[in-house]
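Visitor: A predicted structure for the sequence below; I have some questions about it.
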Amino acid sequence: MSEERRGISGGIEAPATRLDWNDQLGKRVRQGDPEELAVSTVQRIEEAVAAGQWEVAAQLVDYFMEEAKVCHLVYTTWSEGFESWLLGRGVTREELQGERGRLDRVLAFDDGRPFAPHEAWSELGATAGRLGNDLRGMQVGDDADARLAVLVDAWRALHDRWADLQAGLLTYVAERFGEAAIGDCYREVLAPFLAERYAPFDLREKPYSETVERNLYLTFEAMRAHLSGPDRLGNLAVEEHEDRWVVSFDPCGSGGRQTRGGGGEEFGFTKDEHDWAWNESGVCYYCAHCCLTNERWAVEQWGAPVRVTPPPPRPDATDRPCTWTIYKSVEAVPAEAYTRLGLTKPPTTPPSDSH
């Protein structure tokens, strides 16, 4: 704790960053323009601590966990779905338990504990709760940054193993049923996720212009939670053009990290070309979900991608970042974004009032 105790009833200076309630999303959000939203929440916590803005720092720790929660729940849903899909295709429960046990050992934490994600999440929550409570109670000393680093390291350890588990299960799908089965598996397992997460962008329900800001915000929030960027703290890059925003991850903290060798040797890459993986070989099985979720599924449903997502760099060419491009109008989406999927750009925007 700095010698100057202040802010018992509130801050004296403007906060390092602002949180506000968003009625549309039904949750707290970080305020700011794209350049601000590209800055990691971890960095903003550090700045609030340095400024003695204890309540701001505490709320940002809470918000860091809100960001992490999305990834944790998505990975929980996906892994359960992949396992259910395997059981439904004739894999016995004993076989599945054996493979899952093997993966949990491969993904063991650095202290040797097998990967147990829900136990690790509970421990993470306790660590965050103590840090946030001590910050707002002004009961932290000069160790605030060190305690924050422990929290971030713990989330990174859990997050990366969560992502690698998805890749491991998908690799098992390919080994048991052939690589083409991954597409069927993805479509069945991700259907509820897509309906909840992407339905607000349905052009048959709302005009593109009414949801583009939501789309951009969720892009920043998700990739901060994945701890993207070279420092693995969630720092992103964004370029605004007349017709689009290009958000870059160098690397993406999930599939991009795996492609650069961060996921070990357990996880596969496409050997053939598939419409769920940009019709390219050499795409990591995990990364392929971006093709389906950001592009193909939405084009099939209502005629336009949610985010234009080029194929990730190949394992032998990782000198460029992954990017997500959010176009400011559906008309601005280039035809090439459709043709690489084997599709054709519709001649007109789907009407917003068709059902």
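Guide: Structure's in. What do you need?

Visitor: Contacts for whichever strand or helix holds Gly132, please.
Guide: Element membership for Gly132 (DSSP states H and E) is helix 117-136. Contact with helix 117-136 is made by 49, 54-55, 57-59, 61-62, 64-65, 68, 72, 75-76, 109, 139-140, 144, 147-148, 150-151, 154-155, 157-158, 161-162, 165, as judged by C-beta atoms under 8 Å, 6 or more residues apart in numbering. To be clear about C-beta, it is placed using only N, CA and C from the backbone, and glycine gets the same treatment.

Visitor: Could you pull out the helices in the stretch 151-300 of the chain for me?
Guide: 181-197, 212-225, 255-257, 288-290, 297-302 (DSSP state H, counting those that start in this stretch).

Visitor: cool, the stretch 1-150 of the chain as well?
Guide: Along the stretch 1-150 of the chain, counting by DSSP H, counting those that start in this stretch, helices occupy 34-37, 41-50, 54-88, 93-106, 117-136, 144-177.

Visitor: Name the nearest residue to Gln24, ignoring sequence neighbours.
Guide: Arg214 (6.3 Å; C-beta to C-beta, 6 or more residues apart in numbering).

Visitor: in the helix holding Gly132, what's buried?
Guide: Within helix 117-136, the residues that count as buried by 16 or more other C-beta atoms under 10 Å are 117, 120-121, 124, 127-128, 131-132, 134-136.

Visitor: now it: mean pLDDT?
Guide: For helix 117-136, mean pLDDT rounds to 97.

Visitor: chain center to it: distance?
Guide: Distance of helix 117-136 from its chain centroid, counting by C-alpha atoms, centre = their mean, to the nearest Å, is 20 Å.

Visitor: by how many degrees do that helix and helix 41-50 diverge?
Guide: 30 degrees (axes from the mean of the first three to the mean of the last three C-alpha atoms, to 10 degrees).

Visitor: could you give the angle of helix 117-136 to helix 93-106?
Guide: 40 degrees.

Visitor: doesn't Asp23 make contact with the residue nearest to Gln24?
Guide: No. Using C-beta atoms under 8 Å as the test, Arg214 is too far from Asp23 to be in contact (11.5 Å).

Visitor: ok, these two, which is more surrounded?
Guide: Arg214 (16 against 6; other C-beta atoms under 10 Å).

Visitor: what's that one in contact with, if anything?
Guide: 24-25, 200-201.

Visitor: would you turn those into TSV with pLDDT and neighbour count?
Guide: Conversion of the contacts of Arg214 to TSV gives the following (pLDDT from 0 to 100; neighbours: other C-beta atoms under 10 Å):
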residue	pLDDT	neighbour count
Gln24	87	12
Leu25	88	13
Pro200	92	16
Phe201	95	22
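
Visitor: could I get those residues as CSV with distance to Arg307?
Guide: Below are those laid out as CSV (distance: C-beta to C-beta, whole Å):
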residue, distance to Arg307
Gln24, 18
Leu25, 17
Pro200, 14
Phe201, 9
